[in-house]
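S.K.: Here is my input, please return the structure:
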Amino acid sequence: MTQFLLNQQTMTIDNIDPNLTVLNWLRTDRMRCGTKEGCASGDCGACTVVIGSVEEGKMRYQSANACLLLVGQLAGKQLLTVEDLADGGELHPLQHTLACGHASQCGFCTPGIVMSAFAMHKSGVAADTTSVTHHLGGNLCRCTGYRPIIETAKQILNMPCSDKFTASEAQTMKQLLALGVTSDDALLRPDSLETLADTYLRYPQARLLAGGTDLNLLVTQAHHSHNRLISLARVTELHGVTREGNQLIIGAMTSLDTLQQQLKMVIPAFSEMLHRFASQQVRNQGTIGGNIAHASPVGDCAPALLALDARLRLRCGKQTREVALAEFFTGYRQTVLNPGEFISHIVLDDVTLSHNLRLWKVSKRREDDISAVFAAINLQVIHGVISYARIAFGGMAATPARAFSLEAGLLGKPIDNATLKAACAALAQEFFPLSDVRASAEYRLQVAQNLLKRYFLHMTSDHAVEVTDYVR
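M.R.: Coordinates of the predicted model:
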């Protein structure tokens with residue numbers, strides 16, 4: 001049984017279709033056509049809705065792409081669409097401000113922008129251009145131009161956050177906490193790590209459902225039907241970032257947005273990189289474990305973690321093992337995972353959390369795009385000599401990969417132009433990238449070599465290297 005709130009109305013669905021997206025349900029079952037279908041792949045933001053949940057005794061609102069969200073994922077949550085914002089015959093203050101600020105679009109994408117702005121307003125972020133562009137980066141339509149949208153969004157962030165949702169927050173939380181959440185025949189919902197391990201061992205052919213931002217593309221783009229899904233949402237042991245002695249432990253179900261917040265002080269380069277990971281809607285739903293497990297050669301998290309010597313805790317039934325991430329990928333979208341085995345945690349040793357870590361993503365556009373090349377470089381230099389080297393790339397092979405030969409060749413060498421020249425030559429012997437729609441093989445290799453040069457410049461120059469260091 002799946003129970004959730006549609007605004008303030010309790011919805012109960014038995015034996016839910018595990019392939020039913022929120023977008024299709026809203027438009028065909030509820031006739032709520034304010035949520036638009038644009039790309040059906042989480043790229044345009046036209047279908048943006050807001051998901052409310054109870055966290056630490058208060059309501060938290062986050063934007064999400066309805067096309068990449070299954071109705072089954074709404075269990076225990078509140079779903080808000082653009083139709084819910086008005087109070088009687090009066091527009092929500094946010095809607096009124098957008099309209100008066102000439103920030104509305106043709107009408108197709110405006111509802112998505114409204115919902116992203118609503119979630120942004122409820123999050124209490126700073127009223128500046130950086131915050132606005134960060135939260136609205138997944139709403140790509142800009143027919144009226146950027147300026148009125150950005151300026152109006154800043155006005156919204158300066159407005160009081162009191163509205164009918166604030167007034168009814170206590171009642172909403174009470175309703176959400178009273179909802180029943182149980183497994184359906186085709187959508188299983190284990191509520192502990194032990195139960196998850198047992199369930200997956202019993203149904204090893206089922207697909208694990210984390211955030212669904214990649215898995216659900218099989219439904220919307222490949223027209224694939226899932227026979228059985230196992231949701232990880234209720235397994236609290238898989239959520240969050242904790243410490244065990246000198247180790248940082250990241251739960252596989254930790255969302256990319258949560259990770260971005262919690263790693264700001266610990267691994268700032270990783271946190272900063274996540275600003276360019278997809279969009280806010282995807283970061284809210286997507287998880288670190290899911291990004292690793294789907295084994296994409298252009299996934300951004302894997303090369304970053306490779307440069308940090310990450311290890312994975314894998315669970316199968318009652319057995320747990322640790323595997324170095326460098327040994328996890330065995331081929332294109334293939335891993336060492338056995339049937340019934342899953343990633344539970346990512347383990348990082350403090351010693352790898354170097355301030356010299358640099359993570360660079362090269363793509364056709366800066367925001368909401370897939371990498372052509374991703375470079376993760378982590379060197380330690382003592383008295384001008386390289387004593388430790390971890391270098392990994394995405395987009396340069398069939399899997400995210402460490403540059404083992406290059407790393408070995410750098411050890412004991414001075415960090416100078418001669419070493420850099422030899423490193424670029426070694427890189428050309430270690431990687432033989434493919435050409436595809438994103439980039440040619442020659443371009444990828446040249447970019448990778450240029451990023452090595454960029455890193456050496458960072459390590460040896462006293463001047464600002466990044467444009468963002470001196471241009472705002």
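
S.K.: show me where the stretch 351-472 of the chain has strands.
M.R.: Counting by DSSP state E, counting those that start in this stretch, one finds strands in the stretch 351-472 of the chain at the ranges 358-362, 373-382, 385-394, 401-402.

S.K.: Walk me through the domains of the chain.
M.R.: Using automatic domain parsing, the domain parsing of the chain gives 1-180, 240-460.

S.K.: for the record, mean pLDDT for the first one?
M.R.: Spelled out, it's domain 1-180. Domain 1-180 carries an average pLDDT of 94.

S.K.: and the end-to-end length of it?
M.R.: End-to-end distance of domain 1-180 (CA to CA, to the nearest Å): 8 Å.

S.K.: swap in stretch 115-133?
M.R.: For stretch 115-133, the end-to-end distance is 14 Å (CA to CA).

S.K.: Would you mark the buried spots in it?
M.R.: Met115, Ser116, Ala117, Phe118, Ala119, Met120, His121, Lys122, Ser123, Ser131, Val132 (16 or more other CB atoms under 10 Å). Backbone N, C-alpha and C define where each C-beta goes, glycine included.

S.K.: now those residues in a markdown table, with secondary structure and distance to Tyr200?
M.R.: As requested, these are exported to a markdown table (DSSP: H, G, I helix; E, B strand; the rest coil; distance: CB to CB, whole Å):
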| residue | secondary structure | distance to Tyr200 |
| --- | --- | --- |
| Met115 | helix | 34 |
| Ser116 | helix | 35 |
| Ala117 | helix | 39 |
| Phe118 | helix | 36 |
| Ala119 | helix | 32 |
| Met120 | helix | 36 |
| His121 | helix | 39 |
| Lys122 | helix | 35 |
| Ser123 | helix | 34 |
| Ser131 | helix | 39 |
| Val132 | helix | 41 |
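
S.K.: ok, so of these, who is nearest Gly331?
M.R.: Ser116 (37.8 Å; CB to CB).

S.K.: element containing the residue nearest the centre of the chain, please.
M.R.: The centroid of the chain falls nearest to Arg283 when counting by CA atoms, centre = their mean (3.3 Å). Assigned by DSSP states H and E, Arg283 belongs to helix 280-285.

S.K.: now do Thr152
M.R.: Going by DSSP H and E, Thr152 is in helix 146-157.

S.K.: Show me how far the helix or strand that comes right after that helix is from its chain's centre.
M.R.: Downstream of helix 146-157, the next assigned helix or strand under DSSP H and E is helix 164-167. Helix 164-167 sits 29 Å away from the centroid of its parent chain (CA atoms, centre = their mean, to the nearest Å).

S.K.: Repeat that for stretch 252-262.
M.R.: A distance of 8 Å separates the centroid of the chain from that of stretch 252-262, by CA atoms, centre = their mean.

S.K.: which residues sit against that stretch?
M.R.: 62, 210-211, 232-233, 235, 238-241, 250, 270-271, 274-275, 277-278, 280, 282-293, 301, 342-346 (CB atoms under 8 Å, 6 or more residues apart in numbering).

S.K.: These, buried ones only, as a ChimeraX selection?
M.R.: Buried subset of these, written as a ChimeraX selection, criterion 16+ other CB under 10 Å:
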select :62,210,211,232,233,235,238,239,241,250,270,271,274,275,277,278,280,282,283,284,285,286,287,288,289,290,291,292,293,301,342,343,344,345,346
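
S.K.: From the contacts of stretch 252-262, which land in strands?
M.R.: Within these, residues falling in strands by DSSP state E are Gln62, Val241, Ile250, Phe342, Ile343, Ser344, His345, Ile346.

S.K.: Helices along the stretch 251-400 of the chain, start to end?
M.R.: Listed from the start of the chain, the stretch 251-400 of the chain has helices (DSSP state H, counting those that start in this stretch) covering 256-262, 268-273, 280-285, 288-293, 301-306.

S.K.: any idea which of the buried residues of stretch 115-133 is closest to Gly245?
M.R.: Gly245 has its nearest neighbour among the buried residues of stretch 115-133 in Ser123, at 33.2 Å by CB to CB.

S.K.: Contacts only, for that closest one.
M.R.: Ser123 neighbours (CB under 8 Å, 6+ apart): Tyr61, Gln62, His135.

S.K.: what number of residues lie near Glu55?
M.R.: 9 (other CB atoms under 10 Å).

S.K.: ok now the helix holding Arg283, how far from the chain's centre?
M.R.: Worked out by CA atoms, centre = their mean, helix 280-285 lies 5 Å from the chain centre.

S.K.: on that earlier part again, including distance to Leu85 and mean neighbour count, could the strands of the stretch 351-472 of the chain go into a markdown table?
M.R.: Shown next, in a markdown table, are the strands of the stretch 351-472 of the chain (distance: least, CB to CB, whole Å; neighbours: other CB atoms under 10 Å):
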| stretch | distance to Leu85 | mean neighbour count |
| --- | --- | --- |
| strand 358-362 | 35 | 21 |
| strand 373-382 | 38 | 22 |
| strand 385-394 | 39 | 21 |
| strand 401-402 | 47 | 22 |
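
S.K.: For these, could you give me JSON lines that also reports distance to Leu337 and mean pLDDT?
M.R.: Converted to JSON lines, the strands of the stretch 351-472 of the chain look like this (distance: least, CB to CB, whole Å; pLDDT from 0 to 100):
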{"stretch": "strand 358-362", "distance to Leu337": "25", "mean pLDDT": "97"}
{"stretch": "strand 373-382", "distance to Leu337": "22", "mean pLDDT": "97"}
{"stretch": "strand 385-394", "distance to Leu337": "20", "mean pLDDT": "98"}
{"stretch": "strand 401-402", "distance to Leu337": "18", "mean pLDDT": "98"}
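
S.K.: that older thread, Asp84: which of the helices of the stretch 251-400 of the chain is closest?
M.R.: Per CB to CB, nearest to Asp84 of the helices of the stretch 251-400 of the chain: helix 280-285, 17.5 Å.

S.K.: Give me the mean pLDDT for that closest one.
M.R.: 97.

S.K.: thinking again about what came up before, output the helix holding Arg283 as PDB, nothing but the C-alphas.
M.R.: Output of helix 280-285 as PDB, limited to C-alpha atoms (Å, rounded to 0.1, in the frame of the first residue of the first chain):
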ATOM      1  CA  GLN A 280      18.900  20.900  -8.200                       C
ATOM      2  CA  GLN A 281      15.900  18.600  -8.900                       C
ATOM      3  CA  VAL A 282      18.300  15.700  -9.700                       C
ATOM      4  CA  ARG A 283      20.600  16.400  -6.800                       C
ATOM      5  CA  ASN A 284      17.600  16.400  -4.400                       C
ATOM      6  CA  GLN A 285      16.700  12.800  -5.500                       C
END
